[in-house]
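Peer 1: got a sequence here, can you build the structure:
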Amino acid sequence: MNKLFWKNIQLKNTAYFILYAAFLINSINIYSQKTLENNHSRKVLFDNDWHFYKGSVKNGEQPNYDDSSWRVLDLPHDWSIEPLPNQKKDSVVGPFSRASVGGHATGQTVGGEGWYRKTFTISAENKSQRHELYFEGVYNQAEVWVNGHKVGNNVYGYTSFRFDITNYCNPVGQQNVVTVKVLNEGKNSRWYSGSGIYRHVWMLHTSPTYLDDWGTFITTKKVENGQAKIDFSTTIVGGNGKNEDLAIVTEWISPKGKAVVKASQKVSINAAENKVVPFAINVENPSLWSTTTPNLYTVQISLWKGKNKIDELCIPFGIRTLDFSATEGFKLNGVKTLLKGGCVHHDNGLLGAAAFDRAEERKIELLKKNGFNAVRPSHNPMSESFLNACDRLGMLVINEAFDQWKNKKNPDDYHLYFEEWSAKDIRSFVLRDRNHPSVIMWSIGNEIPERISKSGVEISLYLRNEILKYDSSRLITAGVNKYWNKEKTVMLSLENAFKNLDISGYNYMWRFYEEEHAKNPDKLMFGSESVATEASENWDKVEKLPYVIGDFIWTAIDYLGESGIGNSTEVAPQENVHQFMGWPWYNGWCGDIDLIGIKKPQSYYRDILWREKNISMAVELPVAEGKTKKVSFWGWPEESLSWTFPNMENKELNVNVYSRAAKVRLYLNNQLIAEKETNSQYKSSFKVPYKAGTLMAVEVNQNKEGASTILQTIGNPVAIKLTVDHATIKADGQDLSYVLIELVDKNGNVVLDANQKIKIGCEGSGKIIGSGNAAPTDMASFGSLEPSLFKGRAMAIVRAGKVSGKTELTVSSVGIPSASITINSK
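Peer 2: Reported below is the predicted structural model:
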């Protein structure tokens, strides 16, 4: 690429050269931040060539156990999205089963028991080093053995955990076996969890005396007069069993690749001592991290013994300030910032819970593209890849720990382990994530059953204090919902639920903001969960009340499990709508963005509220005679973004126009239908007799027309359109390419009422690891290479091979010419 650039452009002046050089340095720095840990011999990805068996195994932890018949796979891996044996229509379909213990909560998927085994050797290079296994996340109960010796266990499926395995490893060159048993049994989750080693595993090699990566803490103290004052400390772990004289050197590399600060200290440590070494760092003219300019510095920390470097860490860090006040709201770097937030579960749709770096990054890209600047991971710690993407792309995070404390929501959930494990899990949670500039708050829980009780107050104080042991630079919150008396006639006071919180998170309680503020006028609040049909009421409060700093929709993206919580169902008038839906529903269907990343009608409404667009329009789908459409509390009326209703000629359709303008005008085929005022929800509704053509809505202020939007009648399908997000991916066995499949008419419009079957083929170095559509009830299409289209679309996800090459993906359908696209792996 560089040779072509030089040949074709032929740089002619120094200014152009400097510009190009700056571009290269910035590109290299961004790349290095993404790949530094992967390439550094200190931390080695341990994902490849695991042997896996689903089921119970006797003596599977023994090193001489014969696992040759087990399946060989690469992590991340989630067995709960894999097709089940004994497929039977309406009983077992793909990964879904009516026998699912979790039922609608886990999307009719199946957990169980699984075993993983992997062999490795210690190289001569690492002979005298310390060895550590690091698991980013295993769902759920994980037990780990090395060479038949149990090295530890972990019970919480979302916590990262690590074990020093040095004393269990065989000498250099001899084979070692690591075994992991995973149990996902009983009713242990309210949503889809996935099963297995669904996040990365790493092997760390360090000197016996080393730098503790979780023991390094960097925080911006203040930024003033063109200077950032930063508190920075790192921890040396002594492992040589003797006193040592050492030195720590830290160097700060700017987002443009320039060294801006260098500092060092001499340190003496005692035998087996953990010593925290503080620094006071000043950065001149700092490039601040924000949601629009997510500038990242690289902090290089090296540990020296004499002239020998014995360890090194490289940590990305963003310089930014957080200020909160009830009179001025939330300020990021001194700039008032309203949190345009969304809640998200941890799954990646067609990939299940598997936390591929690219899948996590794409999730944040979708949120940014659709106007979000903040995310609330619900209701558990997310992967490192997720937070790294938030740092790189500029997404604020309310980092949440738990969905329950001591009182259960399900008989087999985390309440069984809270008393013994919560302090350990909080420690892991905070130490791992506290250097991320994207994290602006810690959340200790969501809709906790004992939230207003005396024990709840004691637990919230305990959790608060556990967090403050490791980080006092951020405020603490929780998602709190209403609490009713036993008869559900009176709402009880939530004072106890907020007693130990710095910021009050309210789930679905916008009506009480002013009332709650009067009780605690110095306390900030935000909508930690809200629903789309009340989006305007929630956002109006955020814009009007300075102490309400943001709103978080439930949810930003569709997710597996909590099946049908966002349903919109055609029923007889006397029938009631259900909160959850049974078979064959398997996803929540309440997101702004669907399971394959397509913007849903409610998101176009949110564009108006967040002032991303001036006007949008949708058409309510007609219902059968004698029926009515009922929408769940978390749902949205079923609307179409097309003016295509061939069986409705001259029959009235409900057209909804969304705008902040005083009035809107509606035109059909250039003829004015009507002009109406918008209501308090920024909406005007029209009844329009259907006639094919073009429907146009125009905003009107002071009798002057402004921005407009159109819906058109779509023609017959004539072609398959394939759109790839990344046509070139890394040949590392981990990178992904998402291919959107659309059926289009002669003008390139997606035929939204198309639901015909397609056939997906793939040849070359990569392979398809996820496919299907976004429908919440089409179980047969999930993971299928012959899925049906849903609203004219489907998707295939290609995983890169481990060697350079091409992957050709072909899609065909009866009566439509096939289409192909090539993905290059390098």
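
Peer 1: could you pull out the helices for the stretch 501-650 of the chain?
Peer 2: Counting by DSSP state H, counting those that start in this stretch, the stretch 501-650 of the chain has these helices, from start to end: 513-519, 535-544, 601-609.

Peer 1: deepest in the core, which of the ones you listed is it.
Peer 2: Ranked by mean neighbour count, those are led by helix 601-609 with a mean of 22 (mean count of other CB atoms under 10 Å). C-beta coordinates here come from the backbone N, C-alpha and C atoms, glycine included.

Peer 1: and that helix with helix 535-544, angle?
Peer 2: If you take axes from the mean of the first three to the mean of the last three CA atoms, to 10 degrees, helix 601-609 sits at 30 degrees to helix 535-544.

Peer 1: tabulate the helices of the stretch 501-650 of the chain (JSON lines), appending distance to E575 and mean pLDDT.
Peer 2: Below are the helices of the stretch 501-650 of the chain laid out as JSON lines (distance: least, CB to CB, whole Å; pLDDT from 0 to 100):
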{"stretch": "helix 513-519", "distance to E575": "34", "mean pLDDT": "96"}
{"stretch": "helix 535-544", "distance to E575": "26", "mean pLDDT": "98"}
{"stretch": "helix 601-609", "distance to E575": "23", "mean pLDDT": "98"}
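
Peer 1: pull the longest strand from this structure.
Peer 2: The longest strand of the chain (DSSP state E) is strand 210-224.

Peer 1: could you dump stretch 190-208 to CSV, C-alpha only?
Peer 2: C-alpha atoms of stretch 190-208 as CSV (Å, rounded to 0.1, in the frame of the first residue of the first chain):
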residue,chain,number,x,y,z
ARG,A,190,-33.1,-14.4,33.9
TRP,A,191,-31.7,-14.1,30.4
TYR,A,192,-29.6,-16.0,27.9
SER,A,193,-26.2,-16.8,29.5
GLY,A,194,-24.5,-19.1,27.0
SER,A,195,-22.4,-22.1,28.2
GLY,A,196,-18.7,-22.8,28.3
ILE,A,197,-15.5,-20.9,27.9
TYR,A,198,-17.1,-18.1,26.0
ARG,A,199,-14.4,-15.5,26.5
HIS,A,200,-10.7,-15.5,25.8
VAL,A,201,-8.1,-17.5,27.8
TRP,A,202,-4.6,-16.2,28.2
MET,A,203,-1.3,-17.6,29.4
LEU,A,204,1.0,-15.1,31.2
HIS,A,205,4.7,-15.6,31.6
THR,A,206,6.5,-13.3,34.0
SER,A,207,9.7,-13.2,36.0
PRO,A,208,9.2,-14.4,39.6
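
Peer 1: just how off-centre is that stretch within its chain?
Peer 2: 16 Å (CA atoms, centre = their mean, to the nearest Å).

Peer 1: do stretch 599-606 as well
Peer 2: Worked out by CA atoms, centre = their mean, stretch 599-606 lies 19 Å from the chain centre.

Peer 1: ok, now stretch 425-442?
Peer 2: Averaging C-alpha positions (CA atoms, centre = their mean) puts stretch 425-442 15 Å from its chain's average.

Peer 1: quick one: secondary structure of K368?
Peer 2: helix (DSSP: H, G, I helix; E, B strand; the rest coil).

Peer 1: can you get me a residue count around the spatially closest residue to it that is not a sequence neighbour?
Peer 2: Closest residue to K368 apart from its sequence neighbours, by CB to CB, 6 or more residues apart in numbering: L393 at 5.7 Å. Residues lying near L393 (other CB atoms under 10 Å) number 15.

Peer 1: can you pull out the low-pLDDT segments for this protein?
Peer 2: Scanning the chain for pLDDT under 70 picks out the ranges 1-40.

Peer 1: domain map for this structure?
Peer 2: Here the domain assignment for the chain is 2-32, 44-200, 210-317, 322-557+592-606, 611-641+643-712, 719-825, based on automatic domain parsing.

Peer 1: what's the span of the fourth one from first residue to last?
Peer 2: Distances were taken as CA to CA, to the nearest Å; on that basis the terminal residues of domain 322-557+592-606 are 26 Å apart.

Peer 1: ok now that domain, how far from the chain's centre?
Peer 2: 13 Å.

Peer 1: buried residues of stretch 203-223, list them for me.
Peer 2: For stretch 203-223, the neighbour count (16 or more other CB atoms under 10 Å) marks 203-220, 223 as buried.

Peer 1: now the domains of the chain in JSON lines, with distance to W585?
Peer 2: JSON lines is the format used below for the domains of the chain (distance: least, CB to CB, whole Å):
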{"stretch": "domain 2-32", "distance to W585": "41"}
{"stretch": "domain 44-200", "distance to W585": "7"}
{"stretch": "domain 210-317", "distance to W585": "35"}
{"stretch": "domain 322-557+592-606", "distance to W585": "13"}
{"stretch": "domain 611-641+643-712", "distance to W585": "11"}
{"stretch": "domain 719-825", "distance to W585": "5"}
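
Peer 1: out of those, which is closest to N576?
Peer 2: domain 611-641+643-712 (7.5 Å; CB to CB).

Peer 1: next one: that closest one to chain centre, how far?
Peer 2: Its chain's average C-alpha position is 33 Å from that of domain 611-641+643-712, according to CA atoms, centre = their mean.

Peer 1: ok, stretch 738-758 next?
Peer 2: Distance of stretch 738-758 from its chain centroid, counting by CA atoms, centre = their mean, is 27 Å.

Peer 1: what's the end-to-end length of that stretch?
Peer 2: Terminal-residue distance, stretch 738-758 (CA to CA): 17 Å.

Peer 1: circling back to that earlier point, can you list the strands that the next helix or strand after the longest strand of the chain pairs with?
Peer 2: Downstream of strand 210-224, the first helix or strand assigned by DSSP states H and E is strand 227-237. Paired neighbours of strand 227-237 in the sheet (DSSP bridges): strand 210-224 (antiparallel), strand 274-284 (antiparallel).

Peer 1: reformat those strands as TSV; add distance to E61.
Peer 2: Output for the strands paired with strand 227-237, formatted as TSV (distance: least, CB to CB, whole Å):
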stretch	distance to E61
strand 210-224	27
strand 274-284	31
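
Peer 1: closest to Q602 out of these?
Peer 2: Among the strands paired with strand 227-237, the nearest to Q602 by CB to CB is strand 210-224 (36.5 Å).

Peer 1: could you dump that closest one to CSV, C-alpha only?
Peer 2: Provided in CSV are the C-alpha atoms of strand 210-224 (Å, rounded to 0.1, in the frame of the first residue of the first chain):
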residue,chain,number,x,y,z
TYR,A,210,6.9,-9.0,38.4
LEU,A,211,4.5,-6.1,37.8
ASP,A,212,0.9,-6.9,38.7
ASP,A,213,-1.2,-5.7,35.8
TRP,A,214,-4.3,-5.5,38.0
GLY,A,215,-2.2,-3.7,40.6
THR,A,216,-1.6,-0.7,38.3
PHE,A,217,-4.0,2.2,38.7
ILE,A,218,-4.0,5.4,36.7
THR,A,219,-6.5,8.2,37.3
THR,A,220,-6.8,11.8,36.1
LYS,A,221,-6.8,14.0,39.2
LYS,A,222,-7.5,17.3,37.4
VAL,A,223,-6.8,19.1,34.1
GLU,A,224,-6.1,22.9,34.3
